[in-house]
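Participant: Coordinates for the following, if possible.
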Amino acid sequence: MSVVDSLELWFVSFPLPAPFSPAWMPHVVRRSSSFYLVRVRTDDGVEGFGAFNAVGRERAGSGDALAQLLLGKSVHDIDHVQQMLRIPAIGGIRNFWVEPAFWDIQGKLAGRPVCELLGGGRCRLKLYSSCGEDKTPAARIEEGLAHREAGFAMMKLRVHGDEAADIRQVQETARGLEGKMRLAVDCNQAYQNFAAGSGPVWDLPRAKRFADVCHEAGIAWVEEPLNMEWHAEQAALAAYSRVPIAGGEVHTAGYYELANMVERRCYDIFQPDAVWTGGISQTMAVARKVREAGLQFTSHSWSNSVGFAVNLQIMAASGFAGEIEFEYPYSPPGWTEEVNGALFREPIARQGGWLEVPDRPGLGFEIDEKALAHYGRCFFRADRKTSVWMPEALRDLSIPTPLQT
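Facilitator: I've put the predicted structure just below:
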């Protein structure tokens, strides 16, 4: 029986190829993909990885609790791992993003991809390109044509302005790309990050008006048009709307919150992300619940490279892969395929608008140790005898220069 022999926490800052202004963070310009990386190693030397988005030092103190709860525990008992991760969650620190590392290890021990361990199999995922920035209609049409040239048949655009501007973007983009690209729209109202400046806050009447516009424009779905905690309003909107309503990526309470939302039919399309929504096992349980309810499911994947790899394994195992497209973060020049594969020896490559699920055991990637050493800083390391916290590793969080190979 393999047990956890050591655990490391890293802060990674991978530079973006160009400045990137995410629509969900108004007035912010990002220059890196920053995330925490956990490396779990067994007593027989097998390693597994998980990751969670980072701002700075906010998880610098997580190591002691994780080490006390996980060292010496079996890597095969995922239910017990989940229970251990619930303990700090009671105190407000959710660390379910660590759980995929245990699936990664199990896959490597079995010599199989995680999607097979979950009851699915390797397959080709049809992709939609997920844009990250708010743009004018003319710029959005140009972007859509470029994405079509890159092989995508569907694109998700972002709206995050005043109501008239959002409506104009949808209407003009739909007309400009009619017959060329299918479109979905993300409103990003579930996650309202206005730390750097004000942004729009939608209510139910505005969401209904926007849904009507999107139906008339032939939009595939409207994503997260309301606050993530407004379950009653979400259910009312979904019942009213003639275009499917989607969401679910940041419901950090995990399965039980999302299961309740499925029962209330808050969304027509559920889009949990295992990095936030309880790890792989809870997110797979959501997919089964969604299937039983006759609704749709497609994993959210825009977090970091490891999170992308985790969620594509879930999508491959969910049973929905042949029914709906999977999200592919793609917003050049700032967010590119290189960012989706940050720290990986080999990228998880797409072929036009399709992606073949990797056949590599575990989560499907191998960490490039040279890149990790360059872009990352290990700030906590523990084994079953000792633990070392290294706060000095987080004193300078400047973005490293690109790695020269």
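
Participant: Just say helix, strand or coil for residue 97.
Facilitator: Three-state call for residue 97 (DSSP: H, G, I helix; E, B strand; the rest coil): helix.

Participant: need the contact list for it.
Facilitator: Applying CB atoms under 8 Å, 6 or more residues apart in numbering to residue 97 gives the contacts 36, 38, 50-52, 274-276, 279, 307. Bear in mind the C-beta positions are built from the backbone N, C-alpha and C, glycine included.

Participant: And the average pLDDT for stretch 173-185 is what?
Facilitator: Stretch 173-185 shows a mean pLDDT of 97.

Participant: which parts of it are buried?
Facilitator: Buried residues in stretch 173-185, counted by 16 or more other CB atoms under 10 Å: 173-174, 176-177, 181-185.

Participant: Tell me who's in contact with residue 388.
Facilitator: 380-382.

Participant: Can you say which helix or strand has the closest residue to residue 163 other than its chain neighbours in it?
Facilitator: Excluding the flanking residues, the one nearest residue 163 by CB to CB, 6 or more residues apart in numbering is residue 206, at 6.2 Å. Using DSSP states H and E, the element containing residue 206 is helix 204-217.

Participant: just residue 87 next, same as before
Facilitator: Here residue 87 is assigned to helix 78-90, by DSSP H and E.

Participant: Summarise which helices and strands the helix or strand following that helix is packed against.
Facilitator: Proceeding N to C from helix 78-90, the next assigned helix or strand is helix 100-110, under DSSP H and E. When contacts are defined as 3 or more CB pairs under 8 Å, 6 or more residues apart in numbering; DSSP states H and E, helix 100-110 sits against strand 30-42, strand 47-53, helix 78-90, helix 114-117, helix 279-292, helix 305-317.

Participant: So which of the ones you listed has the densest surroundings on average?
Facilitator: With neighbours taken as mean count of other CB atoms under 10 Å, the helices and strands packed on helix 100-110 reach their highest mean count in helix 305-317, at a mean of 28.

Participant: where along the stretch 301-405 of the chain do the helices fall?
Facilitator: Along the stretch 301-405 of the chain, counting by DSSP state H, counting those that start in this stretch, helices occupy 305-317, 337-340, 369-375.

Participant: cool, and the stretch 101-250 of the chain?
Facilitator: Using DSSP H, counting those that start in this stretch, helices in the stretch 101-250 of the chain cover 114-117, 137-149, 163-176, 204-217, 231-240.

Participant: pLDDT on the shortest one, on average?
Facilitator: Model confidence over helix 114-117 averages 97 on the pLDDT scale.

Participant: mind exporting that helix as PDB, just the C-alpha atoms?
Facilitator: Taking Å, rounded to 0.1, in the frame of the first residue of the first chain, the C-alpha atoms of helix 114-117 are listed here in PDB:
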ATOM      1  CA  VAL A 114      -7.200   9.200 -14.800                       C
ATOM      2  CA  CYS A 115     -10.300   9.300 -17.100                       C
ATOM      3  CA  GLU A 116     -10.100   5.500 -17.300                       C
ATOM      4  CA  LEU A 117     -10.000   5.100 -13.500                       C
END
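
Participant: how far does that helix sit from the chain's center?
Facilitator: 19 Å (CA atoms, centre = their mean, to the nearest Å).

Participant: Show me the contact partners of it.
Facilitator: Under CB under 8 Å, 6+ apart, the answer for helix 114-117 is 103-104, 106-107, 110, 121-122, 280, 313-314, 316-317, 357, 362-364.

Participant: so which of the helices of the stretch 101-250 of the chain comes closest to residue 338?
Facilitator: For the helices of the stretch 101-250 of the chain, proximity to residue 338 was assessed by CB to CB; helix 137-149 is nearest, at 16.7 Å.

Participant: Can you give me the distance of the nearest residue to residue 354 once chain neighbours are set aside to residue 171?
Facilitator: Closest residue in space to residue 354, ignoring its immediate chain neighbours: residue 124 at 5.1 Å, by CB to CB, 6+ apart. Applying CB to CB, to the nearest Å, the value for residue 124 to residue 171 is 33 Å.

Participant: Give me the below-cutoff pLDDT ranges for the protein.
Facilitator: 195-197, 397, 404-405 (pLDDT under 70).

Participant: Nearest residue to the middle of it?
Facilitator: Centroid-nearest residue in the chain: residue 301, 3.2 Å away (criterion: CA atoms, centre = their mean).

Participant: For residue 176, which non-adjacent residue is closest in space?
Facilitator: residue 141 (3.7 Å).

Participant: Now do the contacts for that neighbour.
Facilitator: Going by CB under 8 Å, 6+ apart, residue 141 touches 172-173, 176-177.

Participant: With respect to residue 192, which of the residues you listed is nearest?
Facilitator: Among the contacts of residue 141, and counting by CB to CB, the member closest to residue 192 is residue 173, at 23.4 Å.

Participant: can you tell me how far the residue nearest to residue 137 when sequence neighbours are not counted sits from residue 213?
Facilitator: Leaving aside its sequence neighbours, residue 137 sits nearest to residue 172 (CB to CB, 6+ apart; 3.6 Å). As for residue 172, its distance to residue 213 is 12 Å (criterion: CB to CB).

Participant: Those two: which has the busier surroundings?
Facilitator: residue 213 (20 against 16; other CB atoms under 10 Å).

Participant: Make sure that one is actually in contact with residue 164.
Facilitator: No - contact criterion CB atoms under 8 Å: residue 213 and residue 164 do not qualify, at 10.8 Å.

Participant: Would you mind splitting the protein into its domains for me?
Facilitator: What automatic domain parsing lists as the domains of the chain is 4-112+364-394, 117-356.
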